[in-house]
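Participant: Return atomic coordinates for the entry below.
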Amino acid sequence: MINQTIGLNLENMVLVSGGEFQMGSDKFFPDERPVRMVKVASFYIDKYEVTNRDYKKFVDETGYITVAERPPNPDDYPGAKPEMLAPGALVFQKATAPVDLRNNFNWWAWVKGANWNHPYGPGSTIKDKEAHPVVHIAYEDAETYANWHRKELPTEAEWEYAARGGLHGKNFTWGDEDVQLSKPMANTWQGEFPWQNLLTDSYEGTSPVGSFAPNGYGLFDMAGNVWEWTSDWYLRSPHDQESETHKSRSINAFNPGVIFPECSYDQFHPQQKVPGKVIKGGSHLCAPNYCLRYRPAARQRQMMNTPMNHLGFRCIVRAD
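Facilitator: This is a model prediction of the structure:
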C-alpha cells in the first residue's frame, strides 16, 4: 500500500491511532441515535481549525474565489428575490430581547459582501484576527483548500473519534459534566440565546485557535468556536443507512458513510435541491437553551453552498 504521507507537511497535525469506539448518543437529539460501535483507521488531523492566516495564504497563492464571493445560482434558491442573488453570506445578528427560537431568521441575516475576508460585511476586516478560525466557508471552499494541501476533510466517524480524545461514551470532549458556566472548556454561548451572552468564556464571537485546553489527543477547539465540515452526507438517523437505497457501509462497520447526496436534501424544504453535509462540534453560538451541540456526538445538516460566520473546518491525512 502506498504511504499517503510521503512528502506532506504534517506540522501542526496529530496522529490519531485507529480503533473502535461508541459513536453517537442516546441522551440528546434524535439524529445522534443510536449509539453504535464503529471502527476507524489511523489518520493525522489538524491540531487547530484552519485560520484566517492559513486561508489567506491559500487564496494569495491560488487566486481562489470562495462561494460567498460569487453570485448564488438562482436554481438553488427558487423564488428568491433578485436582490438576494448577490455575493454574500449569512451573518449572526444578536437579538436585543428574547425571541421565538423556532424562527432562526430572528438572528440570521443575509449580508451582501460578507465573506471570509469581510466576516460581517463590507467594511469589516480580519485584521488582528489572523489566528481566529476562518469562517464563511462553504463545502467547496473547504474541499478545495484541503485538496490543494493534498489533504482531505474527515468523515463524521473520524471527526467524532478524534473529538472524543479517548474519552469514549462521554458527553463532552472533557467528560460528562457541562462546565461552561463555571470553568469554560470551549468557546460557546453562556446565557439565553440569542440575546444574552454572559461571556463567561470571555469571547463574544470567535476566539484565537488554541485558546482553551486541548482534548486527550492534543486537539484544540473540537467543541465550540466554529462548526466544522465533514465529508459525509447528512441523514437524520444512522438507521437510514441500513436501507439499500442509502447505504455505502453498514452503520456498525468500518468508517460508515452514505453514498447518495439526494438522501441529504432538506425534508422541510423539498423545493431546494441542495444536498447537505454533516457538520460537527458546535460553535460560539451554541447555548444550552437552544443548541447544546458543543459535544462530540452532536451533528447538524448544513447546505453545501451556504457560508455562515460560525462555520469553518480542519483537515486530515489518512496514515495508510
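Participant: alpha carbons only for contacts and neighbour counts from here, please
Facilitator: Noted.
Participant: which stretches of the stretch 101-250 of the chain have low pLDDT?
Facilitator: For the stretch 101-250 of the chain, applying pLDDT under 70 flags the ranges 237-250.
Participant: Now do the strands in it.
Facilitator: With DSSP state E, counting those that start in this stretch as the criterion, the stretch 101-250 of the chain has strands at 108-112, 227-233.
Participant: So which of those is the most surrounded?
Facilitator: strand 227-233 (a mean of 26; mean count of other CA atoms under 10 Å).
Participant: what does it contact?
Facilitator: Strand 227-233 has contacts (CA atoms under 8 Å, 6 or more residues apart in numbering) with 139, 142, 153-156, 159, 257-261, 263-264, 275-283, 310-314.
Participant: The helix or strand just after that strand: how far from the chain's middle?
Facilitator: Using DSSP states H and E, the helix or strand that directly follows strand 227-233 along the chain is strand 276-280. In terms of CA atoms, centre = their mean, to the nearest Å, the centre of strand 276-280 is found 7 Å from the chain centre.
Participant: Roughly how far does residue 94 sit from residue 197?
Facilitator: Shown here: residue 94 relative to residue 197, a distance of 9 Å by CA to CA, to the nearest Å.
Participant: So if I had to pick from these two, which one is more boxed in?
Facilitator: Between residue 94 and residue 197, counting by other CA atoms under 10 Å, residue 197 is the more crowded of the two (19 against 15).
Participant: Hmm, the more buried one is touching residue 187, no?
Facilitator: No: using CA atoms under 8 Å, residue 197 is not in contact with residue 187, being 11.7 Å away.
Participant: For the strands of the stretch 101-250 of the chain, give me JSON lines that also has distance to residue 62.
Facilitator: Listed next are the strands of the stretch 101-250 of the chain as JSON lines, based on distance: least, CA to CA, whole Å:
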{"stretch": "strand 108-112", "distance to residue 62": "24"}
{"stretch": "strand 227-233", "distance to residue 62": "21"}
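Participant: For residue 181, which of those strands is the nearest?
Facilitator: strand 227-233 (20.4 Å; CA to CA).
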